[in-house]
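Student: No sequence on hand, only this structure:
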């Protein structure tokens, strides 16, 4: 399944505001560069959480796109003096938990163009050094037979994917279903499973969707408000109003989740066959991820500076400003995209939701000739085994 995250060649949209965090650059701990680009282990003392011995010395996390605030919880893990490797499009450093060293390193790798727009799962199976990788629930279903993964932590309670439209052109449209009753063409990345759901359920008309979206604002702007388009609630509403001068006004949108497709987006997952072996590490690491999520959204400023700096250093055509990063971190909280589950815990899975996605997507994939694992269950592709129920917002 092709990622629904845009390669976003946004150079035409704005000039990036590139900030550097003085705190990160002047921190007293040291982290040099090794031959493979990973940070060397700091000589800082290990704090209350000790991951050495049970986790890989370098925990590698593969994302599905360029650095963004949606990955803030991951960059929050990186301690002082991070190493930015432009050749690998990776940021690494000593892994910190609540301000203290854990005895291991962490390396956050960019996806999208950095991995040839492959799925993260295929990258995980090609590179056994990857410890954790992003996988949407529908993707985990699709690849369950040949490249099975099990999600262990849900960064998003609600996925940020949206369909957006011009509220001035369509003042009575409040939902994607409303938009589907108009003649609006809706552009999206071809191969996106959520669109098969929207058209298959009659929410959008097959004749009115166009899989040629290329990540740029050109077609949306040229249409003058007549067309709809895929996007992310954490990016496009800000960018189109503030960084696309040819548009320069609000867009309206609805989350795909709220149209009845409640995937867990970018769930951190391991190769299913490795789950038992890496369980001792995950028992300690997943609560660290939970706390990093809480810490990042409490104060994202320094981590956002690192994200924006990484985008600048990687210099691959992706444009990401400090304004977008700040908007994104706030929008994720305000829209409930990042939040506790139905209880008081962050990062856990509602297995009934996972089952709903299995039920929705299995017939779609079967029709497409894709093989799904026999008798697939929610417990195969997601687990709360390593979640600390006491950690939440």
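Tutor: Nice, thanks for sending it over. Please read all numbers here as calculations on a predicted model, not as lab measurements. Residues are numbered from 1 along each chain as shown.
Student: For residue 161, see how far away the nearest residue to residue 196 once chain neighbours are set aside is.
Tutor: Nearest in space to residue 196, with sequence neighbours left out and distances taken as CB to CB, 6 or more residues apart in numbering, is residue 364 at 4.9 Å. All C-beta spots, glycine's among them, are computed from the backbone N, C-alpha and C. Residue 364 sits 16 Å away from residue 161, taking CB to CB, to the nearest Å as the criterion.
Student: which stretches of the stretch 201-350 of the chain form strands?
Tutor: For the stretch 201-350 of the chain, applying DSSP state E, counting those that start in this stretch gives strands covering 209-210, 228-232, 252-255, 267-271.
Student: Which among the ones you listed is found nearest to residue 110?
Tutor: Closest of those to residue 110 is strand 267-271, at 15.5 Å (criterion: CB to CB).
Student: circling back to that earlier point, could you check which of residue 364 and residue 161 is surrounded by more residues?
Tutor: residue 161 (25 against 16; other CB atoms under 10 Å).
Student: For residue 96, which residues are in contact?
Tutor: 47, 77-79, 102 (CB atoms under 8 Å, 6 or more residues apart in numbering).
Student: Tell me the spacing between residue 94 and residue 133.
Tutor: Residue 94 is 21 Å from residue 133, where distance means CB to CB.
Student: my guess is residue 129 contacts residue 60, does it?
Tutor: Yes - between residue 129 and residue 60 there is a contact under CB atoms under 8 Å: 5.5 Å.
Student: quick one: which of the two has more around it?
Tutor: For residue 129 versus residue 60, the count of surrounding residues by other CB under 10 Å is larger for residue 60: 21 against 14.
Student: re earlier: phi first, then psi, for the residue nearest to residue 196.
Tutor: Here is the backbone geometry of residue 364 (degrees, to the nearest 10): phi -60, psi -50.
Student: roughly how far apart are it and residue 221?
Tutor: 32 Å.
Student: quick check: mean pLDDT across the helix or strand in which residue 198 is found?
Tutor: Using DSSP states H and E, the element containing residue 198 is helix 193-200. The pLDDT scores in helix 193-200 average 96.
Student: Determine how far that helix lies from the middle of the whole chain.
Tutor: Chain-centre distance of helix 193-200: 20 Å, with CA atoms, centre = their mean, to the nearest Å.
Student: Look up the closest residue to residue 324, ignoring the ones flanking it.
Tutor: residue 238 is the one closest to residue 324 (CB to CB, 6+ apart), at 5.7 Å.
Student: Please, where are all the helices along the chain?
Tutor: Taking DSSP state H, the helices of the chain run over residues 22-25, 72-75, 120-126, 137-142, 176-180, 193-200, 218-222, 236-242, 275-298, 301-314, 322-334, 351-367, 378-381.
Student: can you put the ones you listed in a markdown table and add distance to residue 64?
Tutor: Conversion of the helices of the chain to a markdown table gives the following (distance: least, CB to CB, whole Å):
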| stretch | distance to residue 64 |
| --- | --- |
| helix 22-25 | 24 |
| helix 72-75 | 12 |
| helix 120-126 | 5 |
| helix 137-142 | 9 |
| helix 176-180 | 23 |
| helix 193-200 | 14 |
| helix 218-222 | 23 |
| helix 236-242 | 17 |
| helix 275-298 | 17 |
| helix 301-314 | 15 |
| helix 322-334 | 16 |
| helix 351-367 | 17 |
| helix 378-381 | 17 |
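Student: ok, of these, where does mean pLDDT dip lowest?
Tutor: Note on those: lowest mean pLDDT is at helix 22-25, with a mean of 32.
Student: thinking again about what came up before, looking at the contacts of residue 96, which one is closest to residue 257?
Tutor: Closest approach between these and residue 257, by CB to CB: residue 77, at 26.2 Å.
Student: Can you verify my assumption that the closest one contacts residue 290?
Tutor: No - Residue 77 is not in contact with residue 290 according to CB under 8 Å; the separation is 11.6 Å.
Student: relative to strand 228-232, how tilted is the helix holding residue 198?
Tutor: 140 degrees (axes from the mean of the first three to the mean of the last three CA atoms, to 10 degrees).
Student: Can you list the buried residues in helix 193-200?
Tutor: By neighbour count on 16 or more other CB atoms under 10 Å, the buried set for helix 193-200 is 193-199.
Student: For that helix, which helices and strands make contact with it?
Tutor: Other helices and strands packing on helix 193-200, by 3 or more CB pairs under 8 Å, 6 or more residues apart in numbering; DSSP states H and E, are helix 137-142, strand 209-210, helix 351-367.
Student: What is the first one packed up against?
Tutor: Here helix 137-142 is seen to pack against strand 149-153, helix 193-200, strand 267-271, helix 351-367, helix 378-381 when contacts are counted using 3+ CB pairs under 8 Å, 6+ apart.
Student: Residue 70 touches residue 233, doesn't it?
Tutor: No - between residue 70 and residue 233 there is no contact under CB under 8 Å: 10.2 Å.
Student: list residues touching both of those two?
Tutor: With CB under 8 Å, 6+ apart as the test, residue 70 and residue 233 both reach residue 160.
Student: and the gap between the closest residue to residue 101 other than its chain neighbours and residue 131?
Tutor: Spatially, and ignoring its direct neighbours in sequence, residue 101 is nearest to residue 44 (4.2 Å; CB to CB, 6+ apart). Using CB to CB, residue 44 is found at 21 Å from residue 131.
Student: ok, those two, which is more surrounded?
Tutor: Set residue 44 next to residue 131 and count neighbours by other CB under 10 Å: residue 131 wins out with 23 against 19.
Student: That one reaches residue 268, doesn't it?
Tutor: No - Residue 131 is not in contact with residue 268 according to CB under 8 Å; the separation is 9.3 Å.
Student: list the residues that contact both of the two?
Tutor: Listed as contacting both residue 131 and residue 268 by CB under 8 Å, 6+ apart are residue 61.
Student: which residues touch the closest residue to residue 212 other than its chain neighbours?
Tutor: With CB to CB, 6+ apart as the criterion, residue 212 has its nearest non-adjacent residue at 6.5 Å, and that residue is residue 187. The neighbours of residue 187, taking CB under 8 Å, 6+ apart as the test, are 209-213, 219-220, 227-230.
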